[in-house]
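**Q** coords please:
(one chain, ligands or ions: 1)
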Amino acid sequence: MRIDVVTIFPGYLAPLREALLGRAIEAGLVELGVHDLRDWTHDVHQAVDDSPYGGGPGMVMRPQVWGEALDAVLGDAPARLVVPTPAGRPFTQATAQAWAGEERLVFACGRYEGIDQRVVDAYAQRMPVDEVSIGDYVLVGGEVAVLVMVEAVVRLLPGVLGNPVSAQEDSFSDGLLEGPAYTRPVSWRGLDVPDVLRSGNHAAIARWRRDRALERTAARRPDLLDALPDHALDRTDRAF
Ligand SMILES: NCc1ccc(-c2ccccc2)nc1
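**A** Below is the predicted model of the structure:
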């Protein structure tokens, strides 16, 4: 997979070259290009924004600059264009799974009040364009959202996670939140590891873990429980 990010703050994307993701890039499992939008300005002030038509607060990012940048970065290769925005469709684990199958993702990071809508409209004429939100809060720009989405996608690529099973078993893959996890020591500050986890009884352990996941999901994310298909819960599960 190739990932390109266009932004006025390239330094914000430096964490993508650290740790697990950095190793995936070095191993050639994913290619990453980060591009400074201002490289496609032609004025001495390198202006990337202008006042909004119709008035209102803040500034809007200019379509011409974005058009030149995206044309240059996209070239002729097909790609999915992703624009992080608070006004977007929710980015979920299902989105990450779907995008993990893409050959190429290009992220356009907005700042100010966002990017002139015609940029999305123009590119949507020739490629899939997703305006996505990572949550109901407003950031100062799209870069942090890109860090989140790139990590969620790249960790699903073959060879990236040391233990690929965990990509299937982590939260949301079975529709429930992950339950509590424990490691040594067995007692820490007067708090003990639940006995069942040390019992060696794998059926009991699996049941206990599912019960904790159901309990946590019911308490913290009842919306996820409501969204579960009927067959996903057995009779014992329905106690929650
Ligand atoms: N859903 C999180 C999110 C994503 C992007 C932005 C944003 C803010 C300002 C300009 C451009 C994008 N805010 C929140």
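**Q** next one, pLDDT for residue 4 please.
**A** At residue 4, the model reports a pLDDT of 98.
**Q** then residue 238?
**A** pLDDT, residue 238: 83.
**Q** what's the burial count for it?
**A** Applying other CB atoms under 10 Å, we find 8 residues neighbouring residue 238. Every residue, glycine included, has its C-beta placed from N, CA and C.
**Q** do the same with residue 117
**A** Neighbourhood size, residue 117 [other CB under 10 Å]: 11.
**Q** low pLDDT regions in the chain?
**A** 165-173 (pLDDT under 70).
**Q** buried residues in the longest helix that it contains?
**A** As assigned by DSSP state H, the longest helix anywhere in the chain is helix 202-220. Residues of helix 202-220 classed as buried: 208-217 (neighbour count, 16 or more other CB atoms under 10 Å).
**Q** again with stretch 55-69
**A** Neighbour-count burial for stretch 55-69, counted by 16+ other CB under 10 Å, picks out 59-63, 65-67, 69.
**Q** residue contacts, the residue positioned nearest the centre of the chain?
**A** In the chain, the residue lying closest to the centroid (CA atoms, centre = their mean) is residue 149, at 2.0 Å. Residue 149 sits next to 82, 84, 91, 95-96, 99, 107, 132, 134 when contact means CB atoms under 8 Å, 6 or more residues apart in numbering.
**Q** can you tell me how far it sits from residue 205?
**A** 34 Å (CB to CB, to the nearest Å).
**Q** any idea which strand is longest in the protein?
**A** The longest strand of the chain (DSSP state E) is strand 80-90.
**Q** quick one: contacts of that one?
**A** With CB under 8 Å, 6+ apart as the test, strand 80-90 has contacts from 70, 74, 99, 102, 104-110, 114-115, 119-120, 123, 127-134, 136-139, 142, 145-146, 149.
**Q** in the contacts of residue 149, which residue is surrounded by the most others?
**A** For those, the largest number of neighbours (other CB under 10 Å) sits with residue 82, at 29 neighbours.
**Q** just checking: which of the contacts of residue 149 also lie near the ligand?
**A** Counting by CB under 6 Å from any ligand atom, 84, 134 from those sit close to the ligand.
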